[in-house]
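1. the amino acid sequence is not available; the structure is as follows:
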């Protein structure tokens, strides 16, 4: 999202969209020889509520609704007040991947996504 489009929306630099009550989750990416592995923190999410899609060849979009409204206070955050009910992230994948062969598993609030590399 460009800085110009961010100015017109309720998105904070932290990845929290106040209007949509949505927050960008923390994630980590590992690029291996045969696949890309993403681990994404999604506490309080039902595995059936996770949606993965590739809007373009180098982007994975993750959307997940939480099982309840979560306040920042519940997470131990003291410098921010508010709540959210979903997670949303657009992750740029730095290598060509096979989007049709994505697999994922949610366990104890961590989503692990495996995407095979092309070539």
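-> Great, that's in hand. On a predicted model such as this, the values are computed, not experimentally measured, just so you know.

2. against residue 117, how distant is the residue nearest the centre of the chain?
-> Most central in the chain under C-alpha atoms, centre = their mean is residue 89, positioned 3.5 Å from the mean C-alpha point. Distance of residue 89 to residue 117, given as C-beta to C-beta, to the nearest Å: 20 Å. Where C-beta positions appear, they are placed from N, C-alpha and C, glycine not excepted.

3. ok, now residue 43?
-> 29 Å.

4. one more: residue 27?
-> Residue 27 sits 18 Å away from residue 117, going by C-beta to C-beta.

5. re the thing from before, could you point out which element follows the strand or helix carrying the residue nearest to the centre of the chain?
-> Here residue 89, judged by DSSP states H and E, is contained in strand 83-92. Sequence order places strand 103-107 as the next helix or strand after strand 83-92, per DSSP H and E.

6. for that next one, give me every contacting residue.
-> 42, 45, 47, 50, 52, 111-114 (C-beta atoms under 8 Å, 6 or more residues apart in numbering).

7. mean confidence for stretch 63-72?
-> Stretch 63-72 carries an average pLDDT of 84.

8. any buried residues in stretch 101-117, and which?
-> By neighbour count with 16 or more other C-beta atoms under 10 Å, stretch 101-117 contains the buried residues 102, 106, 110-111, 113-115.

9. so which of the residues you listed belong to strands?
-> Residues from the buried residues of stretch 101-117 lying in strands, with DSSP state E as the criterion: 106, 110-111, 113-115.

10. all strands for this structure, in order.
-> 16-17, 22-23, 27-31, 35-41, 45-56, 59-71, 83-92, 103-107, 110-116.

11. closest to residue 83 among the contacts of strand 103-107?
-> The closest of the contacts of strand 103-107 to residue 83 turns out to be residue 45 (C-beta to C-beta; 15.2 Å).

12. pull up the distance across stretch 72-84, start to finish.
-> The straight-line separation of the ends of stretch 72-84 (C-alpha to C-alpha, to the nearest Å) is 8 Å.
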